[in-house]
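S.K.: my questions concern the predicted model and sequence given below.
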Amino acid sequence: MNIPDFLTAAAGLEMVAAVLYETMADLSTNSGSMGRHLKALANDEERHANAITMSKRYHQEISDAFGQIDLEDDEIQKGIEEGKVIHASLMPGFLLTDVLKKMLKYERRMEKIHIAASIEITNPKLKRLFETLTRNDKSHVATLNMLIESRGDIS
């Protein structure tokens, strides 16, 4: 997959995650701490999408910055489709713990994509961006684990 297409798809994947967290927060019957954590995750994902988009714009001026990335072309698309399935399950009365577990899996998918990008990309600024996104994914995984545990379900 060429890097401009990868960056476009990666930004889309981040926006899907932002919408999922935002919808979960809006529909969550627990508007306290849980809602604040979900809103914070949504804001993080939106910032990630914006950072990827801005990096793409900046690096388009440097034509040799774009090579190929060894990632299955459909890996990001699978993530976007997975996000759509999760979003479709978000209706009033949804089981929050179940969706938090799905989001944990989703974050791990994004982490895998970000790690692959940080390994494959040679442009130092883009490499740092994806290394930062990987660290943020780890933080999101920790937050999701904490939220699941706070609900008394650690299975």
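M.R.: On my side now, so go ahead.
S.K.: against residue 123, how distant is residue 129?
M.R.: 9 Å (Cβ to Cβ, to the nearest Å). In this view, the C-beta of every residue, glycine as well, is placed from N, C-alpha and C.
S.K.: who has more neighbours, those two?
M.R.: residue 129 (23 against 16; other Cβ atoms under 10 Å).
S.K.: excluding its backbone neighbours, what's nearest the more buried one?
M.R.: Distances taken as Cβ to Cβ, 6 or more residues apart in numbering place residue 55 nearest to residue 129, at 5.4 Å, with adjacent residues excluded.
S.K.: for residue 35, same thing?
M.R.: In space, and not counting its chain neighbours, residue 35 is closest to residue 25: 4.9 Å by Cβ to Cβ, 6+ apart.
S.K.: helix or strand next in line after the helix or strand that contains that neighbour, which one?
M.R.: Per DSSP states H and E, residue 25 falls inside helix 3-27. Next helix or strand after helix 3-27 toward the C-terminus (DSSP H and E): helix 33-60.
S.K.: what is that following helix packed up against?
M.R.: Where contact means 3 or more Cβ pairs under 8 Å, 6 or more residues apart in numbering; DSSP states H and E, helix 33-60 is packed against helix 3-27, helix 124-150.
S.K.: touching, residue 133 and residue 114? I think so.
M.R.: Yes. Counting by Cβ atoms under 8 Å, residue 133 touches residue 114, with 4.4 Å between them.
S.K.: low-confidence stretches in the protein?
M.R.: Residues of the chain that meet the criterion pLDDT under 70 lie in 29-31, 59-73, 153-155.
S.K.: pick out the residue nearest the middle of it.
M.R.: Nearest residue to the geometric centre of the chain (Cα atoms, centre = their mean): residue 14, 4.2 Å.
S.K.: and the nearest residue to that one once chain neighbours are set aside, how many neighbours?
M.R.: Once flanking residues are discounted, residue 14 sits nearest to residue 49: 3.8 Å by Cβ to Cβ, 6+ apart. Other residues near residue 49 come to 19 when the count uses other Cβ under 10 Å.
S.K.: so who does residue 49 touch?
M.R.: Residues in contact with residue 49, defined by Cβ atoms under 8 Å, 6 or more residues apart in numbering, are 11-12, 14-15, 18.
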